[in-house]
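Chemist: Give me a 3D structure for the following:
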Amino acid sequence: MREAPVEPTADEARGTVCDEATLAELRVLLGHDHLKRLLSLLVVEIRVRFSGGKDDRIAIAQDAHALLASSGSLGFLNLSRCCSMIEQACLKGDDIAIPLQEGRIAADRALTALAALGVRE
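Modeler: You can find the predicted model right below:
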């Protein structure tokens with residue numbers, strides 16, 4: 001059975017939500033099924049780490065750090081960049097309202113892209 005190619009998922013304001021080349025390379029290295037499992041775990045991680053209700057800057061920074069690594073390694077570079085900004089704002093004591101808002105938008109766009117790829121929890 002031939003696998004459907006991964007289509008790039010772009011956001012006009014921010015560029016590519018999901019890097020097609022990274023996913024294609026991971027598919028070759030890991031295999032389609034294993035990549036799908038990793039992407040499914042990313043869906044869960046995004047939902048857990050952006051569940052809201054947290055006001056502890058250390059916990060927010062830790063969540064952002066974990067998600068920046070996993071999302072970046074799977075080609076969700078905008079989400080990874082936003083998580084880096086959240087982490088840095090938390091650690092520096094800066095206002096985190098705008099980075100959190102941008103992170104939530106990036107997380108929603110990543111979830112939309114993952115759904116378009118047929119990835120579920």
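Chemist: Where does pLDDT dip in the chain?
Modeler: Residue ranges of the chain with pLDDT under 70: 1-15.
Chemist: Of all residues in the protein, which one is nearest the centre?
Modeler: Taking Cα atoms, centre = their mean, the centroid of the chain lies closest to Ser71, which sits 3.9 Å from it.
Chemist: So it: helix, strand or coil?
Modeler: Following DSSP: H, G, I helix; E, B strand; the rest coil, the label given to Ser71 is helix.
Chemist: buried set for the host helix or strand of Thr112?
Modeler: Per DSSP states H and E: Thr112 is located in helix 97-116. In terms of neighbour count (16 or more other Cβ atoms under 10 Å), helix 97-116 has its buried residues at 99-100, 102-103, 105-107, 109-111, 113-114. Every C-beta, even on glycine, is put in place using the N, C-alpha and C of the backbone.
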